[in-house]
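Trainee: structure for the following, please:
(one chain, ligands or ions: 1)
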Amino acid sequence: MDVSGAGGWDEAPWKKLCAEELEKQYTPSKWTVRLGAEETLKTFSQIGSQATSKARATRRSQLHVPYGDGKGDKIDIYFPDVASEAWPFLVFVHGGYWQYGSKDESAFMVNPLTAQGVAVVVVAYDIAPKGTLDQMVDQVARSTVFVQKRYPCNEGIYLCGHSAGAHLAAMMLLTNWTKHGVTPNLRGFLLISGIYDLEPIVSTSVNAPLHMTLEGARRNSPQWHLEAAPVKPADPACPVLVIVGQHDSPEFHRQSREFYQRHASSHFPAQTLCTRGWKASFEELHDVDHFEIIWNLTQEDDVLNQVEPWPFPLVAAIHSGQHGPFSPIEFEEGSF
Ligand SMILES: N[C@@H](CC(=O)c1ccccc1NC=O)C(=O)O
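Mentor: Next up, the predicted model:
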């Protein structure tokens, strides 16, 4: 029996990869199928910037609202037309491997969601090298608490993160809210193409500006701390949707699958999101890569692109306690 770590990961598949392959597995742009790597990254940034300009020009908003005293403690809030403060809130945490990206180019889903009556908050946090992972996790917690305190009548806060942002959002599953003085009314998590075990990236170029030690990586890996997650009462269940794109790399697929349902060969009594009382489900989104999975969210008000109107059914479904088009794969106790 492996006793080297919290989860018994001695046979972790990524440990068998050579440095070059590991680097490739954790470079999402190397796995795109429609555009080349560089063009994809450029398009991603352009679509994010355009969506943000459009949101700021066409939606009622409050920009650069401070949620704390730090210079980088800022959120943008975009409002639906309905005059109320009892909206559902989608809080979006952008990705960029904790070292690039900003709220100012990340308002992807604002126009379609505000049109559906959902207020959207786009969170800024101090990316590396200014910020450390511990600080970023704290910033996302404080921004969520700020939304709760400012809008106590909210109809639920849905935390949505992409890639590194999904990691930061997932860390909120483990947060002890007591020290923040208020428990946010969290009603759902949308974790899109995330990384939940940071250990594999410690030896990749991703870690250059992050300076994560192995210990820091484990401390900030939600995968390693599910045991510590507060046990949620089954009712009302809080849906956690773990989503990965078909054209994400095999390692990204593994990360999402194992976060949803722990690795089958783990020797230890497995704690999963489901056994901790979260209503978790896992979905692989068809024919999208790591970037399209997010930039498609801008397109929902374009009728031509409404093949599957995602994420409205998703948000609507989690708001009403159902999973819409997503079929939750129930965890079977004792299956490994
Ligand atoms: N350097 C990475 C870029 C990347 O990972 C990324 C880019 C934009 C938004 C999220 C990303 N990944 C994780 O946070 C790549 O080439 O794929």
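
Trainee: interface residues of the stretch 51-200 of the chain facing the ligand?
Mentor: Those residues of the stretch 51-200 of the chain that sit near the ligand, judged by CB under 6 Å from any ligand atom, are 95-97, 101, 163-164. Glycine gets a C-beta too; all of them are placed from N, C-alpha and C.

Trainee: same thing but 5 Å
Mentor: The stretch 51-200 of the chain comes close to the ligand at residues 95-97, 163-164, as judged by CB under 5 Å from any ligand atom.

Trainee: pretty sure Ser256 sits against Glu283.
Mentor: No. Judged on CB atoms under 8 Å, Ser256 makes no contact with Glu283 at a distance of 9.0 Å.

Trainee: what sits in contact with each of these two?
Mentor: Shared contacts of Ser256 and Glu283 (CB atoms under 8 Å, 6 or more residues apart in numbering): 242-244.

Trainee: neighbour-wise, which of Ser256 and Glu283 wins?
Mentor: Ser256 (25 against 19; other CB atoms under 10 Å).

Trainee: where do the strands sit along this structure?
Mentor: Along the chain, counting by DSSP state E, strands occupy 61-66, 74-78, 89-93, 119-123, 157-162, 186-192, 239-245, 279-285.

Trainee: reformat the ones you listed as CSV; add distance to Lys179 and mean pLDDT.
Mentor: Listed next are the strands of the chain as CSV, based on distance: least, CB to CB, whole Å; pLDDT from 0 to 100:
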stretch, distance to Lys179, mean pLDDT
strand 61-66, 20, 98
strand 74-78, 20, 98
strand 89-93, 19, 95
strand 119-123, 19, 97
strand 157-162, 18, 94
strand 186-192, 16, 91
strand 239-245, 23, 90
strand 279-285, 26, 87
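
Trainee: tabulate those (a markdown table), appending distance to Ser53.
Mentor: Putting the strands of the chain into a markdown table (distance: least, CB to CB, whole Å) gives the following:
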| stretch | distance to Ser53 |
| --- | --- |
| strand 61-66 | 12 |
| strand 74-78 | 12 |
| strand 89-93 | 16 |
| strand 119-123 | 13 |
| strand 157-162 | 19 |
| strand 186-192 | 23 |
| strand 239-245 | 25 |
| strand 279-285 | 26 |
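
Trainee: low-confidence ranges in this structure?
Mentor: Confidence mapping of the chain against pLDDT under 70 gives the ranges 1-10, 231-237, 263-270, 300-336.

Trainee: chain center to the longest helix seen in it: distance?
Mentor: The helix spanning the most residues in the chain, taking DSSP state H as the definition, is helix 37-58. Helix 37-58 has its C-alpha centroid displaced from the chain centroid by 19 Å (CA atoms, centre = their mean, to the nearest Å).

Trainee: then stretch 204-212?
Mentor: With CA atoms, centre = their mean, you get 20 Å for stretch 204-212.

Trainee: touching that stretch from outside, list them.
Mentor: Here stretch 204-212 has contacts from 19, 22-23, 26, 97-99, 128-129, 132-133, 198, 201-202, 220, using CB under 8 Å, 6+ apart.

Trainee: type out the PyMOL command that picks the buried ones from the residues you listed.
Mentor: To isolate the buried ones among the contacts of stretch 204-212 in PyMOL, judged by 16 or more other CB atoms under 10 Å, type:
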select buried, resi 22+23+26+97+98+99+128+132+133+198+201+202+220
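
Trainee: quick revisit: would you mark the buried spots in the longest helix of the chain?
Mentor: For helix 37-58, a neighbour-count test (16+ other CB under 10 Å) marks 40-41, 43-45, 47-48, 51-52, 55 as buried.

Trainee: same question, stretch 21-33
Mentor: Neighbour count says stretch 21-33 has 22-23, 25-29, 31-32 buried, by 16+ other CB under 10 Å.

Trainee: swap in stretch 65-77?
Mentor: Buried residues in stretch 65-77 (16+ other CB under 10 Å): 65, 67, 70, 72-77.

Trainee: before we move on, what about stretch 189-208?
Mentor: Neighbour counts over stretch 189-208 (16+ other CB under 10 Å) mark 189-202, 204, 206-207 as buried.
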